[in-house]
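S.K.: Output the structure for:
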Amino acid sequence: MEIRAYPGHRLERARKTLGNVFELALDQERITPDIFEEVFTLSRYTRSFEAGDHKYNGGMDSSDLLSLIVGRRVDRSTPRRYREAYWAGHSIAYLQWHFDTTFADLFSVCDLSDLLRLYHPYHEADISRLVAYFEARLHPEQTLAHYRKKAGLSQSQLSKVSGVNLRTIQAYERGALDLRNAQGTILFNLARSLHCSMEDLVH
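M.R.: Residues are numbered from 1 along each chain as shown. You can find the predicted model right below:
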């Protein structure tokens, strides 16, 4: 059983709080995504949110939390319009809870601007699809192993059918080499052998 920073029954409240925080910051306060990402990830109040402090991840109004994060008073004065921003905050709260990691770690593999661009392919999908997207970036070594096992192949069998050196495959799977930096021919041969796309292996 995995231990999280806070129990699942508090998760939806935390997600709504952060969704509102992001919407207020990006829409009402017109803070650019890159600036807000930096301010947000460096804030001690964000770290308290990550650690499961109920005062900050569900027990406080979102405008009060944003005020603490940005260091000035923020009052909600406009209706919600920026659905992408709300979705980004709502989603990143789930991802931080699910992976039990920091927001900084999550944004290091998909920054806030990129997350906002994922709204249209992902906002109507089950959250598990976004989890898989981040899983592949946080743990790229696990992606190759996943598709290899799905294909019912051992590492040595994959090496034979793909023509990729066994030690290279082993290095990708344990994370010693990053598959995202692989030569195009290696990616092509692995993807063809595993009946998936090259994008599947690196995304």
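
S.K.: and the gap between residue 60 and residue 197?
M.R.: 43 Å (Cβ to Cβ, to the nearest Å). Every residue, glycine included, has its C-beta placed from N, CA and C.

S.K.: do residue 64 as well
M.R.: 45 Å.

S.K.: now swap in residue 181 and tell me
M.R.: With distances taken as Cβ to Cβ, residue 181 is found 18 Å from residue 197.

S.K.: neighbour count winner among the two?
M.R.: Using other Cβ atoms under 10 Å, the more surrounded residue of residue 181 and residue 197 is residue 197, with 13 against 9.

S.K.: Now do the phi/psi pair for the spatially most central residue of the chain.
M.R.: Central residue of the chain (Cα atoms, centre = their mean): residue 134, 4.2 Å from the mean position. Residue 134 adopts backbone torsions of phi -70, psi -30, taken as degrees, to the nearest 10.

S.K.: For it, list the residues it contacts.
M.R.: By Cβ atoms under 8 Å, 6 or more residues apart in numbering, residue 134 lies in contact with 95, 99, 106, 109-110.

S.K.: Identify those among those residues that sit within helices.
M.R.: Judged by DSSP state H, helices contain the following of the contacts of residue 134: 95, 99, 106, 109.

S.K.: which of those residues count as buried?
M.R.: For these, a burial check counting by 16 or more other Cβ atoms under 10 Å picks out 95, 99, 106.

S.K.: per-residue confidence for the last one?
M.R.: The pLDDT attached to residue 106 in the predicted structure is 96.

S.K.: mind listing what the residue nearest to it when sequence neighbours are not counted touches?
M.R.: Distances taken as Cβ to Cβ, 6 or more residues apart in numbering place residue 95 nearest to residue 106, at 5.6 Å, with adjacent residues excluded. Shown in contact with residue 95 (Cβ under 8 Å, 6+ apart): 106, 130-131, 134.

S.K.: To which secondary structure element is residue 4 assigned?
M.R.: For residue 4, there is no helix or strand it lies in under DSSP states H and E.
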